[in-house]
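Undergrad: quick one, fold the following:
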Amino acid sequence: MGVVSTADRYIESVSDDNDDSIARALNAASALSREPLARIMYGQRELFHSNLLAWFFEELPGQADEVFRDFTDPGAEPERRVRREFQNMDLVFLWQGRNPLVIENKVFSLPDPAQLARYDEAIARWQNQPRRLLLGVVPPSVPVPGWAFLDYRDLADRIESALAGDPASYEVETMRHYARMIHRLVDLIDTTQIVDLNEDAWLSRDFLSALESNQLAHALGKLRGHRVATLLNEKLGGGVDASLSHGNPVLTWRRELVIEGHSVEAGLQLQEGQLRRYLRVPHLEGRSPQHVAERESYAAAHPDLFDFTGLASAIGVDDVTVIPVDGSYLRFNPDFVYRYAKVPTIGIEHLFRAIEWAANSLTASAK
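TA: Predicted coordinates:
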């Protein structure tokens, strides 16, 4: 009798709810936990995929051409080779008699238009102009001029088609394993999609715990945060970003203020069950007890910037508990001071309303 994994036990717990997508994702997680390539991937992520695809291009050139050649143009390159991290670009494939193909790899992150624009600027100076391919799981929210998009699931299909009928060898079987791993990985990444604005902003802690890989859980949590931030920015016109702190996703909405001649940053930040109203005060930056006391005194002189009146109504609850209860302030050195409301769960729509409430509060304070 085999060992029953945490993922398998969690699948049984959600089966009564007929949650097919979660069950499929956890089946994928269970399979990935037994896949050596996946174990390597967890520690490398984008780097792993780029390195393996470079190896594929070199060791199985005919099959790699079936996968990628459609994305290239006839040109004047003198030889076949791969460049890794050339001018910070993930991959550059070069074929004899063709122009290069630049590949930007995004597995657990979203395309960054500013990053792609920097690559475009560098590419414009190349003698042989390449085609550009964005390889990812999540397509750009709007098309990026000059960049084609290839979904990772389509990549896996192309690899499987290119290897169909090939006799077994180490190289061929490695890439077959890789294609199967990609399909399972995409099933997992699909859980970060936003289907309903009433969904909780974060993925279920029980679901993430069932994955049995902290690295994978952190990557999925971060990607979910980026997707929520992208949606909020579309609704708000910008100002929200997502990050990861101590393995936990963080969403931050910020606004620059000038108070008494000093530039400060005020905002709202969600991490785990804390919805923080905060200030960053660069002119009082420091870690000494004196600096800490100065920041707390500064915060106490501007209590309206830490006031949670009206938040409960905005997020559809009867009341919120504000911490610290004695009205004092918490901090992250060297310049961050805050108070927070306890919000064990908060839906995306209510988070949007909370940001609107915070923006209106800051506007009122500035008058």
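
Undergrad: quick one: neighbours of residue 219, just the number.
TA: 22 (other Cβ atoms under 10 Å). From N, CA and C alone the C-beta is placed, and that goes for glycine too.

Undergrad: pretty sure it contacts residue 48?
TA: No: under the criterion of Cβ atoms under 8 Å, residue 219 is not in contact with residue 48, lying 11.8 Å apart.

Undergrad: hmm, who's touching whichever strand or helix holds residue 134?
TA: Take DSSP states H and E as the rule and residue 134 turns out to sit in strand 131-136. With contacts defined as Cβ atoms under 8 Å, 6 or more residues apart in numbering, strand 131-136 is touched by 49, 68, 71-73, 99-107, 110-111, 116, 119-120, 123, 140, 144, 146-152, 155.

Undergrad: geometrically speaking, which residue is the centre of the chain?
TA: residue 223 (2.7 Å; Cα atoms, centre = their mean).

Undergrad: would you mark the buried spots in whichever strand or helix holds that one?
TA: Element membership for residue 223, per DSSP H and E: helix 214-236. Across helix 214-236, burial judged by 16 or more other Cβ atoms under 10 Å covers 215-233.

Undergrad: likewise stretch 314-321?
TA: Quick answer for stretch 314-321 (16+ other Cβ under 10 Å): 314-315, 320.

Undergrad: quick one, strands of the stretch 51-200 of the chain?
TA: When secondary structure is read from DSSP state E, counting those that start in this stretch, the stretch 51-200 of the chain shows strands at 81-86, 89-94, 101-106, 131-136, 147-151.

Undergrad: give me the sheet partners of the helix or strand where residue 337 lies and which way each runs.
TA: Assigned by DSSP H and E, residue 337 belongs to strand 336-342. Strand 336-342 has its sheet partners listed here by DSSP bridges as strand 274-280 (antiparallel), strand 322-323 (antiparallel), strand 330-332 (antiparallel).

Undergrad: same question for it, mean pLDDT?
TA: Strand 336-342 shows a mean pLDDT of 97.

Undergrad: hmm, who's touching that strand?
TA: So strand 336-342 is contacted by 269, 273-281, 295-296, 298-299, 306, 308, 311, 320-324, 329-332 (Cβ under 8 Å, 6+ apart).

Undergrad: give me the angle between the very next helix or strand once past it and strand 274-280.
TA: Per DSSP H and E, the first helix or strand lying C-terminal to strand 336-342 is helix 348-366. Angle, helix 348-366 to strand 274-280, by axes from the mean of the first three to the mean of the last three Cα atoms, to 10 degrees: 30 degrees.

Undergrad: got the angle for helix 348-366 vs helix 214-236?
TA: 60 degrees.

Undergrad: convert helix 348-366 to CSV, retaining C-alpha atoms only.
TA: Taking Å, rounded to 0.1, in the frame of the first residue of the first chain, the C-alpha atoms of helix 348-366 are listed here in CSV:
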residue,chain,number,x,y,z
ILE,A,348,-11.5,41.0,-4.1
GLU,A,349,-14.6,43.2,-4.5
HIS,A,350,-14.5,44.2,-0.8
LEU,A,351,-10.7,44.9,-1.1
PHE,A,352,-11.5,47.2,-4.0
ARG,A,353,-14.0,49.0,-1.9
ALA,A,354,-11.5,49.2,1.0
ILE,A,355,-9.0,50.9,-1.3
GLU,A,356,-11.7,53.3,-2.5
TRP,A,357,-12.5,54.1,1.1
ALA,A,358,-8.9,54.7,2.0
ALA,A,359,-8.4,57.0,-1.1
ASN,A,360,-11.5,59.0,-0.1
SER,A,361,-10.2,59.2,3.5
LEU,A,362,-6.8,60.5,2.4
THR,A,363,-8.5,63.1,0.1
ALA,A,364,-10.6,64.3,3.1
SER,A,365,-7.5,64.5,5.3
ALA,A,366,-5.7,66.6,2.7
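
Undergrad: so where's the stretch 251-367 of the chain shaky on pLDDT?
TA: 367 (pLDDT under 70).

Undergrad: give me that answer again for 80
TA: 365-367 (pLDDT under 80).

Undergrad: and what of the stretch 1-150 of the chain?
TA: Looking at the stretch 1-150 of the chain by pLDDT under 80, you get 1-26, 28-36, 38-46, 108, 141-142.

Undergrad: swap the cut-off to 70 and go again
TA: 1-21, 42-45.

Undergrad: what are the buried residues along stretch 64-74?
TA: Quick answer for stretch 64-74 (16+ other Cβ under 10 Å): 64-68, 71-72.

Undergrad: the residue nearest to the centre of the chain contacts residue 109, doesn't it?
TA: Yes: using Cβ under 8 Å, residue 223 is in contact with residue 109, at 6.7 Å.

Undergrad: got the contact list for residue 116?
TA: Contacts of residue 116 (Cβ under 8 Å, 6+ apart): 104, 132, 134, 144, 147.

Undergrad: top strand in the chain by residue count?
TA: Ordering each strand of the chain by length in residues (DSSP state E) puts strand 248-259 first.

Undergrad: any idea how far the residue nearest to the centre of the chain lies from residue 312?
TA: 30 Å (Cβ to Cβ, to the nearest Å).

Undergrad: could you give the separation of stretch 126-142 from the chain centroid?
TA: 18 Å (Cα atoms, centre = their mean, to the nearest Å).

Undergrad: quick one: residue 267 from residue 275, how far?
TA: 11 Å.

Undergrad: burial of the nearest residue to residue 157 once chain neighbours are set aside, as a residue count?
TA: In this structure, residue 157 finds its nearest non-sequential neighbour in residue 179, 7.8 Å apart by Cβ to Cβ, 6 or more residues apart in numbering. Using other Cβ under 10 Å, the number of residues around residue 179 comes to 18.
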